[in-house]
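**Q** 3D model of this:
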Amino acid sequence: MGLRLMMTADAVGGVWTYALDLARGLADVGGETTLVVQGPALSADQARAAKAVPALEVIETGSPLDWTAEAPGEIEAAGRKVRDLARDLRPDMIHLNSPALAAVGGFPAPVLGACHSCLATWWTAVKSGPAPADFAWRTAALRAGLAACDALVAPSRSFARATAAAYPGVRPLVVHNGRHSGPAGPEIREPMVFTSGRLWDEGKNLATLDAAAALCATPLYAAGPLEGPSAADRLRPSHLRPLGRLSADEVAAWLRRAPIYASSALYEPFGLGVLEAAQAGCALVLADIASFRELWREAAVFVAPREPQAFADAFAALLEDPDCRVRMGELARRRAELFTVEAMTRGMLSLYARLGAARSEAAA
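**A** Have a look, this model is predicted:
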């Protein structure tokens, strides 16, 4: 019998994609996953995608996410709900994609906390000066959760370092994210630039791409929500062409059409959207930030993240030189072969095994 994993997730961003891919990878080696979903309800296409994953059960809780909770007590209540579910389900391993939940303690199996992002590292990368008051209690809640986990994992070395700097004493291990390639189909490249993600997030820095779009002769399309969970999280681009939230299959279809994928992110612990674009053979034009340099090296064109003209120039150079664009797309595709679901699953299974062995030794 394979591993029985209980994992938390949300349907707001890349954690959902990560969770489904990991659950599918575990199913391929005989594992079973119970996915405990916090935050907004699943969309129809997300529910369909979950049903297509073998050996996966989904439980929606409606509990707030740690970064949308209005008080520390809401995070504690969400943690208790997850812990109570774990006590009923008795999994072999508990994987918290929101490590703050671990602070309540008393989980019946080893707890791995996955560091996908956090407010402290986001603020350091995106803003300046002291963080707002509500960041303090949220950061404290996460710090307590990180300390309560049996081990931590991060998707890149650069983000592991950023997390360690934000939370002294914390040392996440690194397992790169992986992604299944999108559905096969013809690649018919059209003159355009494409981007995707949680567009309302200031860390994605869509304002730079919006300004770059005004300087381009070719259209720049953006897939993803323009409004976030709060009224303050709203974006109204003036020059790029928003497509709204698209399903995974719809994004894959756009990636087969787009010769160039762009990200001007100031903060990106990994970037699943970039990986999907690389798998599709798009030439990558990326912000020159540590995580992108680590992951994509010679397989992307790097641009200062706050310089619209530099992005527009990079787009024009690639579109005017098809041979260079194709070469960069192939470099990206080959680099993407390092970040597979199989590799991610092997890495996570290794961590799970170490945690299980440590728990058994402690109990002996």
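
**Q** could I get the average pLDDT for the longest helix seen in the chain?
**A** Assignment by DSSP state H gives helix 341-363 as the longest helix of the chain. What helix 341-363 shows for mean pLDDT is 89.

**Q** tell me which residues in that helix are buried?
**A** 341, 343-345, 347-349, 351-352, 355-356, 359 (16 or more other Cβ atoms under 10 Å). Where you see a C-beta, it was placed from the backbone N, CA and C, and this is true even at glycine.

**Q** same thing with stretch 16-27?
**A** Those would be 16-27, for stretch 16-27 by 16+ other Cβ under 10 Å.

**Q** avg pLDDT for that stretch?
**A** Mean predicted confidence for stretch 16-27 is 96.

**Q** before we move on, what about stretch 167-175?
**A** Here the average pLDDT along stretch 167-175 is 96.

**Q** again, but for stretch 280-298
**A** On average, stretch 280-298 scores 97.

**Q** tell me where the model's unsure across the stretch 1-150 of the chain.
**A** Residue ranges of the stretch 1-150 of the chain with pLDDT under 70: 1.

**Q** can you give the distance from stretch 194-204 to the centre of its chain?
**A** Centre-to-centre, stretch 194-204 and its host chain are 12 Å apart (Cα atoms, centre = their mean, to the nearest Å).

**Q** ends of that stretch, how far apart?
**A** From its first residue to its last, stretch 194-204 covers 14 Å (Cα to Cα, to the nearest Å).

**Q** swap in stretch 316-328?
**A** 14 Å.

**Q** average pLDDT for it?
**A** Stretch 316-328 comes out at a mean pLDDT of 97.

**Q** and that stretch, which residues are buried?
**A** Neighbour-count burial for stretch 316-328, counted by 16+ other Cβ under 10 Å, picks out 318-319, 325, 328.

**Q** on that earlier part again, TSV for the buried residues of stretch 16-27, including secondary structure and distance to residue 115?
**A** Below are the buried residues of stretch 16-27 laid out as TSV (DSSP: H, G, I helix; E, B strand; the rest coil; distance: Cβ to Cβ, whole Å):
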residue	secondary structure	distance to residue 115
16	helix	17
17	helix	17
18	helix	12
19	helix	15
20	helix	19
21	helix	17
22	helix	15
23	helix	19
24	helix	22
25	helix	19
26	helix	20
27	helix	24
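
**Q** pick out whichever of the residues you listed sits closest to residue 80.
**A** residue 19 (21.1 Å; Cβ to Cβ).

**Q** go ahead and confirm residue 345 touches residue 33.
**A** No - in this structure, residue 345 is not within contact of residue 33 by Cβ atoms under 8 Å, at 11.3 Å.

**Q** hey, what's in contact with both of those two?
**A** Residues touching both residue 345 and residue 33 (Cβ atoms under 8 Å, 6 or more residues apart in numbering) are 22, 26.

**Q** burial measure for residue 228, as a count.
**A** 18 (other Cβ atoms under 10 Å).

**Q** spit out the contact partners of it.
**A** 198, 200-201, 234.

**Q** so how far is residue 18 from it?
**A** To residue 18, residue 228 is 19 Å away according to Cβ to Cβ, to the nearest Å.

**Q** now residue 105
**A** Residue 105 is 25 Å from residue 18, by Cβ to Cβ.

**Q** so residue 58 touches residue 42, yeah?
**A** Yes - taking contacts as Cβ under 8 Å, residue 58 lies within contact range of residue 42: 7.5 Å.

**Q** tell me, what's touching the two both at once?
**A** In contact with both residue 58 and residue 42: residue 50, using Cβ under 8 Å, 6+ apart.
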